[in-house]
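**Q** I need the structure of the sequence given here:
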Amino acid sequence: MPTSATDVSRFPDPRFAPADGPLAWGGDLRSDTLIEAYREGIFPWPEDDGTVWWWSPDPRAVIPMGGLHISRSLRRTLRRSGLHCTSDTAFAEVIEGCAFRPGEGTWITPPLRAAYLDLHRRGVAHSIEVWDCDHGLVGGLYGIATGQLFCGESMFHRVNDASKLAMAATMRVLERSGFLLFDVQLPTHHLLSMGAVVIARSFFLDVLRAARDHPLAWDVTAVRGDLPQA
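**A** All right, here's what the predicted structure looks like:
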């Protein structure tokens, strides 16, 4: 049974959280609250009615540095696509694209969006944008840098393979900047096909606590470069 998180200091220890359920509910979505939550391996999942659920699943899905898989055929497709990437040039537009899910609902509520925008202004949240010369922004992702870990939050695409290109560009930035892990939170077929692996929550938290106090510069110039090998 999740407990109330009236403020960040009252988050339960995530090591004792349910494996596949929330560890706490309530609290606020201020940017300082989010920073402390991510530092503890916890992320928010709000509902439309304003209720905030806090999660730290077991196992955790991550992509190790160098572990992103882009098939040969996909690399050829991406090279011919005419798409290109930038970083931290259109954060608000990326989060808007991630939140726009007609008929599905979204956990990226207006208060959560405002908090992430503030984190971006503070240099904690980052975005990768995918552009088409004719159609503008066609994909991207955003997430939170927590020391030497990057916690991916959401991604979107408006043309085929744009989100995969965003993943590849993100991995280039993380590798160039010296990150240790790309946290993708929950395993999905799509993420597993691209190289995500599942690790025990206890191991993830050990790595996080060793790495969270070592902030890194985010190298926006690294989005352009060779795609990963298959």
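**Q** Tell me who's in contact with residue 107.
**A** The contact partners of residue 107, by Cβ atoms under 8 Å, 6 or more residues apart in numbering, come to 44, 45, 46, 47. For the C-beta atoms, the positions are set from N, CA and C on the backbone; glycine is no exception.
**Q** Touching, the last one and residue 25? I think so.
**A** Right, residue 47. No. With contact taken as Cβ atoms under 8 Å, residue 47 and residue 25 are classed as non-touching, separated by 9.6 Å.
**Q** beta partners of residue 52?
**A** Taking DSSP bridges, one finds residue 46 as the beta-bridge partners of residue 52.
**Q** okay, now it: neighbour count?
**A** The criterion is other Cβ atoms under 10 Å. On that basis, residue 52 has 22 neighbouring residues.
**Q** Would you check that it makes contact with residue 23?
**A** No. Under the criterion of Cβ under 8 Å, residue 52 lies out of contact with residue 23, with a separation of 11.9 Å.
**Q** biggest helix in the protein by residues?
**A** Once the chain is assigned using DSSP state H, the helix that runs over the most residues is helix 162-177.
**Q** Can you work out which other helices and strands pack against that helix?
**A** Using 3 or more Cβ pairs under 8 Å, 6 or more residues apart in numbering; DSSP states H and E as the contact criterion, the neighbours of helix 162-177 among helices and strands are helix 72-80, strand 84-87, strand 125-132, strand 136-146, strand 149-157, strand 181-185.
**Q** For residue 151, state which of the contacts of residue 107 is nearest.
**A** Proximity of those to residue 151, judged by Cβ to Cβ, is greatest for residue 44, which lies at 11.3 Å.
**Q** before we move on, back to that, as a markdown table, the helices and strands packed on helix 162-177 with mean neighbour count would be great.
**A** Rendered in a markdown table, the data for the helices and strands packed on helix 162-177 read as follows (neighbours: other Cβ atoms under 10 Å):
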| stretch | mean neighbour count |
| --- | --- |
| helix 72-80 | 13 |
| strand 84-87 | 19 |
| strand 125-132 | 25 |
| strand 136-146 | 23 |
| strand 149-157 | 22 |
| strand 181-185 | 24 |
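**Q** Of all these, which one comes closest to residue 163?
**A** Residue 163 lies closest to strand 149-157 among those, at 4.1 Å (Cβ to Cβ).
**Q** Export only the CA atoms of that closest one, formatted as PDB.
**A** These are the backbone C-alpha positions of strand 149-157, laid out as PDB (Å, rounded to 0.1, in the frame of the first residue of the first chain):
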ATOM      1  CA  LEU A 149      22.800   9.200 -15.000                       C
ATOM      2  CA  PHE A 150      20.300  10.400 -17.600                       C
ATOM      3  CA  CYS A 151      16.700   9.600 -16.800                       C
ATOM      4  CA  GLY A 152      14.700   9.500 -20.000                       C
ATOM      5  CA  GLU A 153      11.100  10.600 -19.500                       C
ATOM      6  CA  SER A 154       9.200  10.500 -22.800                       C
ATOM      7  CA  MET A 155       9.700  10.700 -26.500                       C
ATOM      8  CA  PHE A 156       7.500  11.200 -29.600                       C
ATOM      9  CA  HIS A 157       7.600  10.900 -33.400                       C
END
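**Q** Residues contacting that strand, please?
**A** With Cβ under 8 Å, 6+ apart as the test, strand 149-157 has contacts from 38, 43, 94-95, 97-100, 108, 116, 126, 130, 138-145, 163, 166-167, 170, 174, 179-185, 207-208, 211-212.
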